[in-house]
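J.: only the shape, not the letters, is given here:
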């Protein structure tokens, strides 16, 4: 992902009505589904549990009544598989950008 113009941020609302901001890391298509990876934009939220993970967040694009929305993944297996695919893509991009000796 090019950061020529800086990172992209989106604001999302969870099922409890809490709104928070995410920084878009990358988007991939995997097994016919579009997945997007994000990092929380603010990892120091008030009232956040210090033990709570603030790592990579993966959501998938789903069609709801003709409108594209982001949704959590359905199973732990799907999450692990897509996470592994994101890591492959990100490390591949890093290797391609690394200066050749």
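T.: Thanks, I have it. Every value quoted in this text rests on a predicted model; they were computed, and no experiment measured them.
J.: quick one: low-confidence ranges for this protein?
T.: 1-6, 43-54, 98, 100-101 (pLDDT under 70).
J.: all strands of it, in order?
T.: For the chain, the strands defined by DSSP state E cover 8-13, 19-30, 33-40, 57-64, 67-71.
J.: format those strands as a markdown table; extra columns: mean neighbour count and distance to residue 85.
T.: Heads up, the C-betas are built off the backbone N, CA and C, glycines and all. Converted to a markdown table, these look like this (neighbours: other CB atoms under 10 Å; distance: least, CB to CB, whole Å):
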| stretch | mean neighbour count | distance to residue 85 |
| --- | --- | --- |
| strand 8-13 | 12 | 20 |
| strand 19-30 | 14 | 5 |
| strand 33-40 | 18 | 8 |
| strand 57-64 | 15 | 10 |
| strand 67-71 | 11 | 17 |
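J.: and residue 88, which of those strands is closest to it?
T.: Evaluated over the strands of the chain, closeness to residue 88 peaks at strand 19-30, with 9.4 Å, by CB to CB.
J.: show me what the closest one packs onto, helices and strands only.
T.: strand 8-13, strand 33-40, helix 76-97 (3 or more CB pairs under 8 Å, 6 or more residues apart in numbering; DSSP states H and E).
J.: could you export the ones you listed as JSON lines, including distance to residue 60?
T.: Shown next, in JSON lines, are these (distance: least, CB to CB, whole Å):
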{"stretch": "strand 8-13", "distance to residue 60": "13"}
{"stretch": "strand 33-40", "distance to residue 60": "5"}
{"stretch": "helix 76-97", "distance to residue 60": "8"}
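J.: so which of the ones you listed is nearest residue 63?
T.: Proximity to residue 63 (CB to CB) singles out strand 33-40 among the helices and strands packed on strand 19-30, at 10.3 Å.
J.: hmm, who's touching the closest one?
T.: 10, 20-29, 54-61, 70, 73, 82, 85-86 (CB atoms under 8 Å, 6 or more residues apart in numbering).
J.: now with 6 Å?
T.: 22-28, 54, 56-61, 82, 86 (CB atoms under 6 Å, 6 or more residues apart in numbering).
J.: and if you look at stretch 88-98?
T.: Stretch 88-98 has contacts (CB under 6 Å, 6+ apart) with residue 28.
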